[in-house]
Structure formats: C-alpha cells, structure tokens
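Chemist: Sharing a model prediction with you, sequence too.
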Amino acid sequence: MKKVFAVVLLAFFLLSFSACTSLNNPREAAVLDALKFRNGTAVKLTGEITSFLLFEYYLFSDGTDSISLEVNAETWETIGVADPAELRFPARYEVVGKIDKRPNEEALVNVVRIRRL
C-alpha cells in the first residue's frame, strides 16, 4: 500500500511540475500554427486584440489568422487595466496561455499572462 501511495504521489508531482514549467517556457507561434496545436499546449502569441466578443472573450489576430482569447479581470489587472470595457481596439499585445479545444467549437487561448507592446 505504501508503494502505491508513493507512486501516485510521485506521478502527481511530476505532472504538476511539467504543467508549471510549460507556461514558463511556452511555444512561440503564429496564430495559424497555434490553431493546429494540441489541447493544453502552452503558447506565446504576438499580435493585436482587434475586438471584444463577449464577457471575457476577445478576438486576436497576428495577420496569419484569428483566434479567441479568454482573459479574466485578474489578468487584466496585472498590467493596470481596471476595467477591460475601456480598452481601445486594435491594440498590440503579447499573450501567454494554453490552447483550449472543445468538441464542435473553435480553439481559443486561456490567457494567463498579457503584456501591452
């Protein structure tokens, strides 16, 4: 029983560690390429947020293609944006997040870091 617990604990630690390091070392890519990545892939995209879509969703483009971003209020606050409704578009940003592919929906990026350029 102790061996099983130790193996489960080690597996959990390794999976947690790999998840943390992937966001610290995301894949830099164009949107066109990012759309082909697997679900959960950490990416860094540079381009423009061109419009507000709905709730926490924005349209992002880098000239190769467009993708939706999910950016929560806490993420906006890290760069001093108190009210995302006051953003002016288009605006150039670098975003880091994870690809989120859901069945029968377009891929999007769950943004964890954002930086205005």
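Modeler: Everything's here; your move. Numbers count the residues shown, from 1 in each chain.
Chemist: Could I get the full set of helices for the protein?
Modeler: For the chain, the helices defined by DSSP state H occupy 2-24, 31-34, 73-77.
Chemist: chain center to the last one, what's the gap?
Modeler: The reference is to helix 73-77. Relative to the chain's own centre, helix 73-77 is displaced by 13 Å; criterion: CA atoms, centre = their mean, to the nearest Å.
Chemist: for the residue nearest the centre of the chain, what are its contacts?
Modeler: Nearest to the geometric centre of the chain sits residue 97, at 2.0 Å (CA atoms, centre = their mean). Residues in contact with residue 97 (CB atoms under 8 Å, 6 or more residues apart in numbering) are 26, 42, 43, 69, 70, 109, 110, 111, 112, 113. Quick note: C-beta positions are derived from backbone N, CA and C, even for glycine.
Chemist: the longest strand in the chain is where?
Modeler: strand 42-54 (DSSP state E).
Chemist: Can you tell me how far the residue nearest to the centre of the chain is from residue 113?
Modeler: According to CB to CB, to the nearest Å, residue 97 stands 7 Å off from residue 113.
Chemist: again with residue 24
Modeler: Residue 24 sits 10 Å away from residue 113, going by CB to CB.
Chemist: Of the two, give the one with the bigger neighbour count.
Modeler: Neighbours of residue 24 and residue 113, each counted by other CB atoms under 10 Å, are more numerous for residue 113; the result is 15 against 9.
Chemist: Wait, the more buried one touches residue 93, no?
Modeler: No: the criterion here is CB atoms under 8 Å, and residue 113 misses it with residue 93 at 10.2 Å.
Chemist: tell me which helix or strand of this structure sits lowest on mean pLDDT?
Modeler: Sorting the helices and strands of the chain by mean pLDDT, DSSP states H and E puts helix 2-24 at the bottom, at a mean of 54.
Chemist: quick one: low-confidence parts of the chain?
Modeler: Confidence mapping of the chain against pLDDT under 70 gives the ranges 1-21.
Chemist: how about a cut-off of 90?
Modeler: In the predicted model, the chain carries pLDDT under 90 at residues 1-24, 84-86, 102-105.
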